[in-house]
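Colleague: Quick one: sequence and predicted model below, then my questions.
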Amino acid sequence: MGPQSAVVATERGTLVADIGDRLREVHERIEAAGGDPEAVQVIGVTKGHGPEVCEAALAAGLTELAESYAQELAGKAGRPSLSCVRWHFVGGLQTRKVKGLAGTVQLWQSIDRPSLVEEVARWAPGARVLVQVALSEEPGKAGCPFSAVAPLVAEARVNGLSVAGLMGVGPTTGGPEAARPGFRRLADTARDLGLSTVSMGMSADFSIAVAEGATLVRVGTALFGPRPARAAVRAWGQ
C-alpha cells in the first residue's frame, strides 16, 4: 500500500468509526425515549452525501439507507460496493421517475396519491410501500390528508402493493415538540388500520417520534453531519 492509499484507508477508517459512534448515540437516544433499540429500525438518510459516506455507513453496520432524489439513488445503487444496501426512497416522487427506480427500491416510503400507486404497481409489482401522510398544513409538504389514508391504503392493496405502514414528516417550525400531535395521530391511525410500520422522526425529533410509537426513524444529520451544499454534489447525484 502506497502513502496515498494509506491516507485514504485511514480517512475511511475514521469515517466508519465516527458513524459507528453516532449510531450508538442514536440507539441510546431511542432507549432514553422509551424505545427498544432492537425494535426501532434506524434508516440512514444519505441524501446529498457521496458514495464514500454510504460505504462507510455500510461498514458501520447500517445496511438500510435512504435517498430523496431518484437520480442520486440510481447513481449510488449502481456501485458494486453498495450492492448489498437495502434502499428506501423517502422524498417526493414524480411518477415519471418510478420506472428508473423499479428493482432498486426495497421500500417506497412516499406513496401519497393514486397516480403514484398505479405507477409503482405497474413497474414494481408487489412492492412494499408506506403511505405518506401530511402531518401539518405547511405549504409544499407532501403527503395525503388523514381522511384519504384508508382509501389510499385500500387502493394500493387492490393494485397488488404490499402496504407495510404509514410515513410522516414533522413540521419544520415550532421545535421538536410541535411534531408530537401529528406523530401521535399517525401512530394511532396505523394501529387502527392494522399496519405495523410507523416511519416518523428525523434527526431533530426522532426521540419524540419514538415516544409516540415510531417503529422506524429516518436519520441523516445525526449520523453523517450536515449535507454538502447542492453545488458540491458530484456527478453521482443530481
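Modeller: Nice, thanks for sending it over. Everything quoted here is computed from the prediction, not taken from an experiment.
Colleague: Confirm that Q132 sits in a helix.
Modeller: No. Q132: not assigned to a helix; according to DSSP: H, G, I helix; E, B strand; the rest coil it is strand.
Colleague: Return the distance of the strand or helix carrying L152 from the chain's centre.
Modeller: Assigned by DSSP states H and E, L152 falls within helix 149-158. Its chain's C-alpha centre and that of helix 149-158 lie 21 Å apart, by CA atoms, centre = their mean, to the nearest Å.
Colleague: which residues touch the next helix or strand along the chain from that helix?
Modeller: Remark: after helix 149-158, the chain's next helix or strand is strand 162-169, criterion DSSP H and E. Here strand 162-169 makes contact (CB atoms under 8 Å, 6 or more residues apart in numbering) with 90, 107, 109-110, 126-135, 141-143, 149, 153, 156-157, 182-183, 186, 189-190, 193, 195-200, 202, 215-216. All C-beta atoms are positioned from the backbone trio N, CA, C, and that covers glycine.
Colleague: Next step: those residues restricted to strands.
Modeller: 107, 109-110, 128-134, 197-200, 216 (DSSP state E).
Colleague: Which residue, neighbours along the chain excluded, lies closest to K97?
Modeller: A70 (4.0 Å; CB to CB, 6 or more residues apart in numbering).
Colleague: Output the below-cut-off pLDDT ranges for this protein.
Modeller: 1-12, 229-238 (pLDDT under 70).
Colleague: Can you give me every residue that contacts V117?
Modeller: I111, V129, L152, E155, A156, N159, L161.
Colleague: Around the residue nearest to it when sequence neighbours are not counted, count how many other residues there are.
Modeller: Spatial nearest neighbour of V117, excluding adjacent residues (CB to CB, 6+ apart): A156 at 4.9 Å. Using other CB atoms under 10 Å, A156 is surrounded by 24 other residues.
Colleague: Quick check: the residue nearest to K97 touching T95?
Modeller: No. Using CB atoms under 8 Å, A70 is not in contact with T95; the gap is 11.1 Å.
Colleague: Between those two, point out the one with more neighbours.
Modeller: Set A70 next to T95 and count neighbours by other CB under 10 Å: A70 wins out with 21 against 15.
Colleague: now the helices for this structure?
Modeller: 3-32, 51-59, 70-77, 98-101, 114-123, 149-158, 180-192, 206-211, 221-224 (DSSP state H).
Colleague: tell me the contacts of the residue lying closest to A56 once chain neighbours are set aside?
Modeller: Leaving out its chain neighbours, the residue that sits closest to A56 by CB to CB, 6+ apart is L15, at 4.2 Å. L15 makes contact with E52, V53, A56 under the criterion CB under 8 Å, 6+ apart.
Colleague: so which of these comes closest to E118?
Modeller: V53 (34.2 Å; CB to CB).
Colleague: ok, that closest one touching F224?
Modeller: Yes. V53 lies in contact with F224 (CB under 8 Å); the separation is 5.6 Å.
Colleague: Name the residues contacting each of the two.
Modeller: I19, T46.
Colleague: The two: which has the busier surroundings?
Modeller: F224 (24 against 21).
Colleague: measure the more buried one to R22 for me?
Modeller: 8 Å (CB to CB, to the nearest Å).
Colleague: do the same with L130
Modeller: L130 is 25 Å from R22, by CB to CB.
Colleague: Neighbour count for the two, which is higher?
Modeller: Taking other CB under 10 Å, L130 and R22 do not tie; L130 has more neighbours (28 against 19).
Colleague: Mind putting the contacts of L15 into a markdown table with distance to V120?
Modeller: As requested, those are exported to a markdown table (distance: CB to CB, whole Å):
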| residue | distance to V120 |
| --- | --- |
| E52 | 30 |
| V53 | 27 |
| A56 | 30 |
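Colleague: And these, which is closest to T63?
Modeller: Out of the contacts of L15, the member with the shortest distance to T63 (by CB to CB) is A56, at 12.8 Å.
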